[in-house]
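Participant: Here is the input, now give the coordinates:
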Amino acid sequence: MEAFERKAYEKLAFWKDSSQGSTALLIEGARRVGKSTIAEEFGRRNYASYMLVDFSKAPDDVLGYFVDLRSDRDDPSNRMEIDFLIVELYENAAMKCRVSPIEVKSSKRYRTVSLDKFKAKFDKKVGTRYVLHPKPLVVENDVVKLPIYMAGLL
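Facilitator: Numbers count the residues shown, from 1 in each chain. The predicted structure is shown next:
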């Protein structure tokens, strides 16, 4: 590993230790300097599983969600804890993309406040909302609560 890569890797390790899973990390920088490579290597070495989002390949509507979420970071009432986003084409939306937020819950009792805030904020751009949890399958309006073992079906 070169000096630059080692330095970037150390910063990722510091973020992981200091945040302890409470924050996401966005890696920004010039093109073709190794951002995706170092992120993927870090994920492979430090996590049982990881997801790499390449914003250079994401549709403009998806990028817009992240820009909108980043402008509201100073207002705690607008904070949302969404674990994953799925982008899908929806037939009833003239085949335009819709974003489906996913929250992972570990307890049997929980609330869907972040999913509700996400829906309120982005309304027509939001598709099905999902909760992955330890309970049986439940469908309530546009919220699908899936047992965690069914996550691979998304």
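
Participant: Mind naming the longest helix for this structure?
Facilitator: Counting by DSSP state H, the longest helix found in the chain is helix 3-19.

Participant: residues making contact with it?
Facilitator: Residues from elsewhere that reach helix 3-19 (C-beta atoms under 8 Å, 6 or more residues apart in numbering): 1, 23, 25, 34, 38, 39, 41, 42, 46. For glycine as for every other residue, the C-beta is placed from the backbone atoms N, C-alpha and C.

Participant: 10 Å instead?
Facilitator: Residues outside helix 3-19 that contact it (C-beta atoms under 10 Å, 6 or more residues apart in numbering): 1-2, 23-25, 27, 29, 33-35, 37-39, 41-43, 45-47.

Participant: Then stretch 136-150?
Facilitator: With C-beta under 10 Å, 6+ apart as the test, stretch 136-150 has contacts from 100-106, 110, 112, 115-116, 119, 126-135, 153-154.

Participant: Repeat the analysis, applying 7 Å as the threshold.
Facilitator: Residues outside stretch 136-150 that contact it (C-beta atoms under 7 Å, 6 or more residues apart in numbering) are 112, 115, 128, 129, 130, 131, 132, 133, 134, 135.

Participant: follow-up on the earlier one: and the contacts of helix 3-19, which are buried?
Facilitator: 35, 38, 39, 41, 42 (16 or more other C-beta atoms under 10 Å).

Participant: Show me those that map onto helices.
Facilitator: Per DSSP H, helices hold the following members of the buried ones among the contacts of helix 3-19: 35, 38, 39, 41, 42.

Participant: can you put the residues you listed in JSON lines and add pLDDT and distance to residue 86?
Facilitator: Below are these laid out as JSON lines (pLDDT from 0 to 100; distance: C-beta to C-beta, whole Å):
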{"residue": "35", "pLDDT": "82", "distance to residue 86": "23"}
{"residue": "38", "pLDDT": "87", "distance to residue 86": "25"}
{"residue": "39", "pLDDT": "86", "distance to residue 86": "20"}
{"residue": "41", "pLDDT": "89", "distance to residue 86": "25"}
{"residue": "42", "pLDDT": "90", "distance to residue 86": "23"}
